[in-house]
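>>> structure for the following, please:
(4 chains)
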2 protein chains.
Amino acid sequence: MATETVENYLKAIMTLAAESPTREATVSRIAAVVGVTRGTATSMIKKLTAGGLARAERYGGVTLTSSGRRAASDVLRRHRLIETFLVRALKFDWSEVHEEAERLEHAVSPRLLERLDEFLGHPACDPHGDPIPGRAGVVIEPAAKPLSSCKVGAVVRIARVIDQSAAFLRFMAQHGLKPDAKAKVVALHAPAQSMEVEPHGRTKLVLALAAAEKILVHAGR
Amino acid sequence: MATETVENYLKAIMTLAAESPTREATVSRIAAVVGVTRGTATSMIKKLTAGGLARAERYGGVTLTSSGRRAASDVLRRHRLIETFLVRALKFDWSEVHEEAERLEHAVSPRLLERLDEFLGHPACDPHGDPIPGRAGVVIEPAAKPLSSCKVGAVVRIARVIDQSAAFLRFMAQHGLKPDAKAKVVALHAPAQSMEVEPHGRTKLVLALAAAEKILVHAGR
DNA sequence: CCGATATGTTTGAGTCGTCAAACTTTCGAC
DNA sequence: GTCGAAAGTTTGACGACTCAAACATATCGG
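Here you go, the predicted structure:
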């Protein structure tokens, strides 16, 4: 079994890869996500490659091997099932659960995890709309595009919230912007790098495009 | 915040002290409970005393200071609330929860812990009958005596099961010997170091006195 | 009282994950 | 094209925890 630290690096690499499928994960980004210096990340990545979990060429990007992907999606499965459980069963606010899950994900046994999954009725997504990998490591990434890419007048349904900082999530919830909620793009202010959004049945608000990029949506109807 | 390792040593010292209030915890026993060599335990205990969590005189026993006791009962509180939650909410068998809790106890935040406590209705005891320390670190050890000390004919109510190995707990449950269950001592075989016990409404069984020592009971009625 | 054995301590070494700082390579702006 | 900043790597050190093995002390049976 991979150590807790290794699991965190794997998770970081996989989420970075999912975040922008164009570019591979870089040492700097991995270091930033895990919260260590670049040097530490380099040596840890060396360990991952030695263990057959990742591939990296010198001064190049980092990718997971298939066994690395399997291990990483297992961590993600644990993380997201725990988040779902905390929200659904223990009535946590979705802004609180990320850090809790960050620690718990390394302490749950396979048995406990399956119990949670069953208890929750095998959910497909966590409270932020992130897909929960299956037991076999299969992730179904629902096709969704950033809110920032939507045109004025578009009606959309929130699919997923990428930025999971507590402050951002509280702000989102306050305006009714949770997964499955509907909203309309009412204006775009290119010079100000912002857009105006009206959540269904709520007062409209202004979002920086940088923020709107962290919100994935389905074309609504 | 004490490190996970430190927490485990504190827990070991406190449970050893509670187990036999006559003798102080010894280095060997602590090492055995934590699962390290004596040398390791010695140096760790030195660290505890340096940190003001324990007192130990050279070649003498180990005791917790008041702040050590507070920290230790906090760990115990977490451990036992988690066990209770796993059994009550997630339908785990009481023989399965010890190891789960052993890992989870280091990963729950104070916030999550209070949520659990509330969810469970502030339970006083865990599934094994072990008292759950209060938030302030107060432990109410219910007066109970080992089953092995009971006379023939005594009717008792199970208070607490000290031996928490999965095999022993499964055996106990199989015979209806769980906390609050009633049983009668039907015979004592001193030469064989065993006793015969009849759980209420069940067929009687033979227990080694060493095993009966690990079962605490109230004088029944 | 004495010695064997159990118990406690010290030492030297190893692993894991980390940092700071020096160093190397890459890459984009000019 | 080159030069400087950004990104990646290496090195040496450290803290936390552990072990094995040599050593010191205590204690119990006779």
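>>> for the residue of chain A most remote from its centre, give its distance to residue A:146.
Distance from the C-alpha centroid of chain A peaks at residue A:191, with 29.0 Å (C-alpha atoms, centre = their mean). Going from residue A:191 to residue A:146 by C-beta to C-beta, to the nearest Å gives 20 Å. Where you see a C-beta, it was placed from the backbone N, CA and C, and this is true even at glycine.
>>> now stretch A:65-80: mean pLDDT?
Computed over stretch A:65-80, the mean pLDDT rounds to 96.
>>> may I see the buried residues of it?
Neighbour-count burial for stretch A:65-80, counted by 16 or more other C-beta atoms under 10 Å in any protein chain shown, picks out A:68-80.
>>> just the element for residue A:18, please.
Here residue A:18 sits within helix A:4-19, counting by DSSP states H and E.
>>> flag every buried residue along whatever helix or strand comes next after that helix.
Using DSSP H and E, the next helix or strand after helix A:4-19 towards the C-terminus is helix A:27-34. The neighbour-count check on helix A:27-34 (16+ other C-beta under 10 Å) flags A:27, A:29-31, A:33-34 as buried.
>>> so the helix or strand following helix A:27-34 versus helix A:4-19, what angle?
Note on helix A:27-34: by DSSP H and E, the next helix or strand toward the C-terminus is helix A:38-50. Here helix A:38-50 runs at an angle of 90 degrees relative to helix A:4-19 (axes from the mean of the first three to the mean of the last three C-alpha atoms, to 10 degrees).
>>> quick revisit: mind checking if the helix holding residue A:18 is in reach of DNA strand D?
No. Interface with DNA strand D: helix A:4-19 contributes nothing (C-beta under 7 Å from any atom of the strand), its closest point being 11.0 Å away.
>>> residues in contact with the spatially most central residue of chain A?
Geometric centre of chain A, nearest residue: residue A:162, 5.1 Å, by C-alpha atoms, centre = their mean. Applying C-beta atoms under 8 Å, 6 or more residues apart in numbering or on different chains, we find residue A:162 in contact with A:19, A:128, A:213-216.
>>> tell me the SS of the residue nearest to residue A:204 when sequence neighbours are not counted?
Distance criterion C-beta to C-beta, 6 or more residues apart in numbering or on different chains; nearest residue to residue A:204, sequence neighbours excluded, is residue A:198 at 3.9 Å. Three-state call for residue A:198 (DSSP: H, G, I helix; E, B strand; the rest coil): strand.
>>> doesn't residue A:87 fall inside a helix?
Yes. Secondary structure of residue A:87 (three-state DSSP): part of a helix.
>>> check the burial of the nearest residue to it once chain neighbours are set aside by counting its neighbours.
Counting by C-beta to C-beta, 6+ apart, residue A:127 is the residue found nearest to residue A:87 once chain neighbours are left out, at 4.5 Å. Residues contacting residue A:127 under the criterion other C-beta atoms under 10 Å in any protein chain shown number 24.
>>> what do you get for the one 4 residues further on?
A total of 21 residues lie near residue A:131 under the criterion other C-beta under 10 Å.
>>> how about residue A:85?
25.
>>> which residues sit in contact with it?
Residue A:85 neighbours (C-beta under 8 Å, 6+ apart): A:116, A:119-120.
>>> with residue A:176 instead?
Contacts of residue A:176 (C-beta under 8 Å, 6+ apart): A:199-202.
>>> run the last query once more with 7 Å
By C-beta atoms under 7 Å, 6 or more residues apart in numbering or on different chains, residue A:176 lies in contact with A:199, A:202.
>>> show me where pLDDT drops low in chain A?
Scanning chain A for pLDDT under 70 picks out A:221.
>>> can you list the residue ranges for helices in it?
A:4-19, A:27-34, A:38-50, A:66-88, A:97-104, A:110-119, A:166-174, A:209-212 (DSSP state H).
>>> show residues contacting the third one.
With C-beta under 7 Å, 6+ apart as the contact definition, helix A:38-50 has outside contacts at A:6, A:9, A:27-28, A:30-31, A:34, A:54-56, A:62, A:68.
>>> buried ones in it?
For helix A:38-50, the neighbour count (16+ other C-beta under 10 Å) marks A:40-42, A:44-45, A:48-49 as buried.
>>> between that helix and helix A:66-88, how many degrees?
120 degrees.
>>> CA atoms only for helix A:38-50 - export them in CSV, please.
Taking Å, rounded to 0.1, in the frame of the first residue of the first chain, the C-alpha atoms of helix A:38-50 are listed here in CSV:
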residue,chain,number,x,y,z
ARG,A,38,10.1,22.0,-5.9
GLY,A,39,13.2,20.0,-4.7
THR,A,40,11.0,17.8,-2.5
ALA,A,41,8.6,17.3,-5.3
THR,A,42,11.4,16.3,-7.7
SER,A,43,12.7,13.6,-5.4
MET,A,44,9.3,12.3,-4.6
ILE,A,45,8.5,12.1,-8.3
LYS,A,46,11.7,10.1,-8.7
LYS,A,47,10.4,7.7,-6.1
LEU,A,48,7.1,7.4,-7.9
THR,A,49,8.7,6.6,-11.2
ALA,A,50,11.0,4.1,-9.5
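>>> ok and it relative to helix A:27-34, angle-wise?
Using the same axes, to 10 degrees, helix A:38-50 lies at 100 degrees relative to helix A:27-34.
>>> which one among the contacts of residue A:162 gets closest to residue A:184?
residue A:215 (13.6 Å; C-beta to C-beta).
>>> please tell me how far the closest one sits from chain B.
27 Å (C-beta to the nearest C-beta, to the nearest Å).
>>> likewise for residue A:5?
Distance from residue A:5 to chain B, by C-beta to the nearest C-beta: 14 Å.
>>> quick one, what contacts that residue?
Per C-beta under 7 Å, 6+ apart, neighbours of residue A:5: none.
>>> if you set the cut-off to 10 Å instead, what comes out?
Shown in contact with residue A:5 (C-beta atoms under 10 Å, 6 or more residues apart in numbering or on different chains): A:34, A:36, A:40, A:44, A:47, A:106.
>>> buried residues in stretch A:209-216?
Buried, per 16+ other C-beta under 10 Å, within stretch A:209-216: A:209, A:211-212, A:214-216.
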